[in-house]
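Novice: Got a sequence here, can you model it:
(one chain, ligands or ions: 2)
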Amino acid sequence: MRIVHSETTKARRARTELDGGQLVPPWECPERVDMILAGLRQAGFTEVVAPAEHGLAPVLAVHDAYYVEFLASCWDDWRALGREGEAIAWIWPTRTMPGRRIPRCVDGRLGHYALGADTAICAGTFEAAMASKDVALSALAHVLTDGGPAFGLCRPPGHHAAVDQFGGYCFFNNAAVAAQRALESGLSRVAILDVDFHHGNGTQQIFEARSDVLFVSIHGDPMTCFPYFMGHADEVGEGDGAGYTVNYPLPEGTGAEVWFHVLEAAKARIAEAGCELLIVSLGVDTFEGDPISAFRLAGDDFLEMGRRLAGAGLPTLFLMEGGYAVAEIGTNVANVLTGFEQGS
Ligand SMILES: NCCCCCC(=O)NO
Ligand SMILES: [Zn+2]
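Specialist: Ligands and ions are numbered 1, 2, ... in the order given. Take a look at the predicted model:
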């Protein structure tokens with residue numbers, strides 16, 4: 001298992017997140033990276049390599065150029081106004097105010113590009129997001145050249161980032177950037193299996209009209225779980241992409257037995273689509289102790305998750321998404337990778 005990590009992923013050190021009506025220290029904290037590395041080391045994954053720099057082209061193959069420029073300039077624009085706090089959106093286009101133009105001021109641009117108010121932009125955000133997609137692309141390169149599995153310790157995560165939207169702690173959609181690069185390298189179909197507790201609305205939006213990426217997600221029911229407005233079972237893709245989006249929303253409180261039953265259905269759908277690569281959006285916020293999620297997987301269930309993912313029998317790229325039980329995150333991630341090696 002190739003492990004790819006960059007210390008620059010810790011460059012984003014936001015101080016505030018709007019949560020429960022208060023500004024709190026962000027759940028998606030840089031300490032998650034150190035805890036995952038420690039857990040991997042303890043499990044015997046001692047060889048960790050740094051990514052190459054892949055530049056902006058792979059990002060622009062997925063994301064809108066004006067959006068990327070916004071992410072690059074937002075913090076400076078915000079600070080130029082003398083603002084002391086972090087850049088947080090507070091007004092949006094809405095059902096009754098469609099917003100057909102992008103405003104020039106940073107508050108309007110934040111509202112245009114932000115999914116929600118939970119994700120502040122601060123110093124280091126763009127640098128960390130660039131490092132995170134480099135981690136994903138270098139881990140992918142290993143899988144494509146060596147055929148062996150790889151884990152990209154991506155941070156910030158990516159699956160909520162859409163073509164031109166950030167939020168849910170995500171800025172660049174690492175899994176989408178990797179999938180697009182894999183297709184451009186000659187593969188004909190890639191599966192992205194999102195096992196994070198939250199629906200990967202961004203990944204779905206990026207590929208929903210395409211049949212060369214099969215997006216499959218197992219997640220908390222959006223009727224009660226973030227991101228609330230996407231992830232229903234009747235969202236199946238559009239046009240050429242019809243049938244290539246598969247959502248398995250599950251009720252809060254879902255435990256291992258049901259979750260693994262649904263995983264087998266997801267694997268069967270991937271098998272019948274004839275995919276040549278499996279990208280796993282690996283969030284471990286399905287853990288019973290996760291502070292902001294609501295499934296009930298135990299630590300050992302992540303071993304079983306890894307074993308079963310190996311059973312898909314595909315070249316596999318794991319990319320880190322969510323998981324906020326910081327004390328256990330390293331063990332939970334290491335368990336998935338250990339289980340995968342056991343099942344291979
Ligand atoms: N602040 C609202 C919840 C954000 C969830 C982020 C996540 O873990 N996505 O997978
Ligand atoms: Zn999540």
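Novice: CA atoms for contacts and neighbours, from now on please.
Specialist: OK.
Novice: Can you tell me what sits against the lengthiest strand in the chain?
Specialist: The strand spanning the most residues in the chain, taking DSSP state E as the definition, is strand 213-220. The contact list for strand 213-220, computed with C-alpha atoms under 8 Å, 6 or more residues apart in numbering, reads 179, 189-200, 203-204, 207, 226, 231, 244-252, 262-263, 266, 270, 273, 275, 294-295.
Novice: One more: stretch 308-321?
Specialist: For stretch 308-321, the surrounding residues in contact (C-alpha under 8 Å, 6+ apart) are 136, 139-140, 143, 147-159, 174-175, 196, 267, 271, 276-284, 340-341, 343-344.
Novice: pLDDT score assigned to the residue of the chain positioned farthest from its centre?
Specialist: The outermost residue of the chain relative to its centre, with distances by C-alpha atoms, centre = their mean, is G82 at 32.3 Å. Predicted confidence (pLDDT) for G82: 97.
Novice: Relative to W75, how far out is it?
Specialist: With the distance defined as C-alpha to C-alpha, to the nearest Å, G82 ends up 11 Å from W75.
Novice: re earlier: which among the contacts of strand 213-220 count as buried?
Specialist: Burial by neighbour count, 16 or more other C-alpha atoms under 10 Å: within those this picks out 179, 189-200, 203-204, 207, 226, 231, 244-250, 252, 262-263, 266, 270, 273, 275, 294-295.
Novice: Distance from the longest helix along the chain to the middle of the chain?
Specialist: Taking DSSP state H as the assignment, the helix of the chain that covers the most residues is helix 125-146. Mean C-alpha position of helix 125-146 versus that of the full chain (C-alpha atoms, centre = their mean, to the nearest Å) differs by 13 Å.
Novice: So which bits of that helix are buried?
Specialist: Taking 16+ other C-alpha under 10 Å as the neighbour-count basis, helix 125-146 is seen to contain the buried residues 125-126, 128-144.
Novice: With stretch 91-100 instead?
Specialist: Along stretch 91-100, the positions that meet the burial threshold by neighbour count (16+ other C-alpha under 10 Å) are W92.
Novice: List the contacts of it.
Specialist: D107, G108, G111, H112.
Novice: could you turn that stretch into PDB, dropping everything but the C-alphas?
Specialist: Taking only C-alpha atoms (Å, rounded to 0.1, in the frame of the first residue of the first chain), the coordinates of stretch 91-100 have been written out as PDB:
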ATOM      1  CA  ILE A  91     -25.600  35.800   1.800                       C
ATOM      2  CA  TRP A  92     -26.500  33.600  -1.100                       C
ATOM      3  CA  PRO A  93     -28.500  33.400  -4.300                       C
ATOM      4  CA  THR A  94     -31.800  31.800  -3.100                       C
ATOM      5  CA  ARG A  95     -35.000  30.300  -4.500                       C
ATOM      6  CA  THR A  96     -36.400  33.800  -4.800                       C
ATOM      7  CA  MET A  97     -33.200  35.600  -5.700                       C
ATOM      8  CA  PRO A  98     -31.500  33.500  -8.500                       C
ATOM      9  CA  GLY A  99     -28.300  35.600  -8.800                       C
ATOM     10  CA  ARG A 100     -27.800  35.600 -12.600                       C
END
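Novice: List, one by one, the residues from the stretch 151-300 of the chain near ligand 2.
Specialist: Along the stretch 151-300 of the chain, the residues adjacent to ligand 2 under the rule C-alpha under 5 Å from the ion are D196, F197, H198.
Novice: ok, now with 6 Å
Specialist: Within the stretch 151-300 of the chain, the positions lying close to ligand 2 (C-alpha under 6 Å from the ion) are D196, F197, H198, G283, D285.
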